[in-house]
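Undergrad: sequence first, predicted coordinates after that:
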Amino acid sequence: MPGHRDQLLGGLLDRGWEQLRVDLQGTDWWAAEHWWLRSTREQYGLELVISFLVDPQFEGQGPKSSAVWVIVATEELPSGYMDMGLARLPLQRGRFDRNLQSFLDELDAWRRGGTAPLA
């Protein structure tokens, strides 16, 4: 999965997001990690959270990061593994590149129509 993280971060940086903070422990059994991001382009200062969600059938054998099945973007820290968020990036074998582009496109569309950050 490290390659997917690098590709995701690279795509986000290329599209005008900066990484503010990373929580590599997750907040509960269902999250392997969270990234807090801020827009550096349109809607400058708009923030979102990228969460790496653990497969609900994961039984704790090995690190949670090995059981990530979907990446979700939310406006705030998600409340649980069922949080649908603004955009979802499923980690399907052989489809990651296409899914990543769709995910980034959805975030761009949300940012264009998102609300202005509070000052």
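TA: Yep, that arrived.
Undergrad: just for the chain, where's the confidence low?
TA: 1-2, 26-27, 114-119 (pLDDT under 70).
Undergrad: so what's the residue positioned nearest the centre of it bridging to?
TA: Closest to where the C-alpha atoms of the chain average out (C-alpha atoms, centre = their mean) is Ile50, at 2.6 Å. In this entry, Ile50 is beta-bridged to Trp35, Ala73, by DSSP bridges.
Undergrad: my guess is it contacts Gly11. True?
TA: No. In terms of C-beta atoms under 8 Å, Ile50 does not count as a neighbour of Gly11; the distance is 11.0 Å. To be clear about C-beta, it is placed using only N, CA and C from the backbone, and glycine gets the same treatment.
Undergrad: can you pull out the strands in the protein?
TA: 17-23, 31-39, 47-54, 68-74, 87-90 (DSSP state E).
Undergrad: any chance you could list what contacts the fourth one?
TA: This points to strand 68-74. 1, 8, 32, 48-55, 78, 83-91, 103, 106-107, 110 (C-beta atoms under 8 Å, 6 or more residues apart in numbering).
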